[in-house]
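**Student:** just to be clear, the model below is a prediction. Sequence and coordinates:
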Amino acid sequence: MLRIREILVAGTTAAVFFFLSVACAYTSTVPTLVYNFTYSTNQNVTARDSSTSIEGVATDALAGGTNGISHYNGSLTDKGTMTVQMIGKQQDGGLIVTISENGQQTRRAPAATCVVYGNTRVICDPNKTVYSEEYTLLRFLGLNFVDPNNIDAKRHWQINQDSPNLNITADYVIGPTTTSDVQVSETRKIRQSGGGSLTTDIQTKIDYDMSRTLPTTVDEYVTQRHDNGVAGTSTTIYQTTLQLVSDSTAKT
């Protein structure tokens with residue numbers, strides 16, 4: 001069997017899992033989705049380069065002195081397509097998919113096998129590259145992501161995923177449901193301890209098709225802050241947009 005890992009935040013391996021037995025597999029035409037994507041990241045780093053302690057470092061940098069602190073920044077943008085194939089369903093309700101990415105610049109990754117769940121949990125093959133923008137899409141592909149049984153009187157539901165060093169809280173609000181096309185807003189907070197304080201705040205707008213149980217557009221804005229104490233800090237902004245352009249199962 002194929003080993004897979006669960007990713008709770010980009011670049012962090014939380015645990016190793018194994019596929020459960022497949023309860024249902026698509027044996028004829030494999031349902032395929034294609035999304036256009038845009039991706040950008042901008043990072044600003046403040047790092048202490050001086051070996052001198054804080055107490056002994058001059059702080060009049062603006063007047064021509066030095067405080068042993070340097071500032072760095074960098075950015076990356078790309079756009080292209082993502083392709084998702086629906087392979088089957090697990091007995092525990094997980095949906096088995098493959099996802100690949102074809103960016104025009106650097107964001108390119110061959111197909112990787114993943115399992116997605118309605119509670120936004122995602123598990124992917126640890127031996128394959130899966131980019132953060134792919135996880136953005138995978139998070140909303142699980143069956144029953146929008147589950148009427150979980151929505152309260154304020155048209156809201158919450159998902160919590162906790163572990164000893166990681167806390168994830170996601171709040172969702174759904175718009176009017178007069179048609180199968182609904183709008184969902186996500187406010188997601190990730191707090192990770194160990195190796196410095198890492199906080200991730202995510203704001204996402206999702207156009208979701210209830211009849212097909214999949215997102216048609218996603219607009220995500222992520223602010224990630226890493227505080228290493230006296231060693232320095234970094235702030236990274238990620239922006240991802242996704243738009244469904246092809247669905248092999250759609251009726252014409």
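**Tutor:** Everything's here; your move.
**Student:** phi first, then psi, for residue 135.
**Tutor:** With angles defined as degrees, to the nearest 10, residue 135 sits at phi -60, psi -30.
**Student:** wait, isn't it in contact with residue 120?
**Tutor:** No: if you go by C-beta atoms under 8 Å, residue 135 and residue 120 don't touch, sitting 9.7 Å apart. To be clear about C-beta, it is placed using only N, CA and C from the backbone, and glycine gets the same treatment.
**Student:** which sections of this structure are below the confidence cut-off?
**Tutor:** Within the chain, the segments meeting pLDDT under 70 span 1-28, 48-68, 194-196, 252.
**Student:** in what helix or strand does the spatially most central residue of it lie?
**Tutor:** Using C-alpha atoms, centre = their mean, the residue of the chain that lies closest to the mean C-alpha position is residue 136, 3.5 Å off. Assigned by DSSP states H and E, residue 136 falls within helix 132-138.
**Student:** distance of the residue nearest to the centre of the chain relative to residue 38?
**Tutor:** Per C-beta to C-beta, to the nearest Å, residue 136 is found 11 Å from residue 38.
**Student:** same check, this time on residue 148
**Tutor:** In terms of C-beta to C-beta, residue 148 sits 32 Å off from residue 38.
**Student:** neighbour count winner among those two?
**Tutor:** residue 38 (16 against 10; other C-beta atoms under 10 Å).
**Student:** contacts only, for the more buried one.
**Tutor:** 77, 78, 79, 239, 240, 241 (C-beta atoms under 8 Å, 6 or more residues apart in numbering).
**Student:** find the nearest non-adjacent residue to the last one, please.
**Tutor:** When you say that, I think you mean residue 241. Ranked by C-beta to C-beta, 6 or more residues apart in numbering and with sequence neighbours excluded, the top spatial neighbour of residue 241 is residue 38, at 4.7 Å.
**Student:** note down every partner strand of the helix or strand encompassing that neighbour and its orientation.
**Tutor:** Counting by DSSP H and E, the element that carries residue 38 is strand 32-48. Taking DSSP bridges as the criterion, strand 32-48 pairs within the sheet with strand 69-90 (antiparallel), strand 232-247 (antiparallel).
**Student:** so residue 128: helix, strand or coil?
**Tutor:** coil (DSSP: H, G, I helix; E, B strand; the rest coil).
**Student:** now do the shared contacts for residue 136 and residue 38.
**Tutor:** With C-beta under 8 Å, 6+ apart, residue 136 and residue 38 have common neighbours residue 240.
**Student:** can you give me the neighbour number for residue 70?
**Tutor:** Neighbour tally, residue 70, other C-beta under 10 Å: 13.
**Student:** quick one on the thing from earlier: list the contacts for the residue nearest to the centre of the chain?
**Tutor:** Contacts of residue 136 (C-beta under 8 Å, 6+ apart): 204, 218, 220, 240, 242.
**Student:** quick one: secondary structure of the first one?
**Tutor:** So that's residue 204. strand.
**Student:** ok, it - how many residues close by?
**Tutor:** Using other C-beta under 10 Å, the number of residues around residue 204 comes to 21.
**Student:** I figured it hits residue 215, correct?
**Tutor:** No: if you go by C-beta under 8 Å, residue 204 and residue 215 don't touch, sitting 9.7 Å apart.
**Student:** what is in contact with the two at once?
**Tutor:** By C-beta under 8 Å, 6+ apart, no residue touches both residue 204 and residue 215.
**Student:** picking up where we left off before, beta-bridge partners for the residue nearest to residue 241, please?
**Tutor:** The partner residues for residue 38, given DSSP bridges, come to residue 79, residue 241.
**Student:** from the contacts of residue 38, pick the one nearest residue 46.
**Tutor:** Using C-beta to C-beta, residue 239 comes nearest to residue 46 of the contacts of residue 38, at 21.6 Å.
**Student:** got the contact list for the residue nearest to that closest one when sequence neighbours are not counted?
**Tutor:** In space, and not counting its chain neighbours, residue 239 is closest to residue 40: 4.8 Å by C-beta to C-beta, 6+ apart. Going by C-beta under 8 Å, 6+ apart, residue 40 touches 75, 76, 77, 78, 238, 239.
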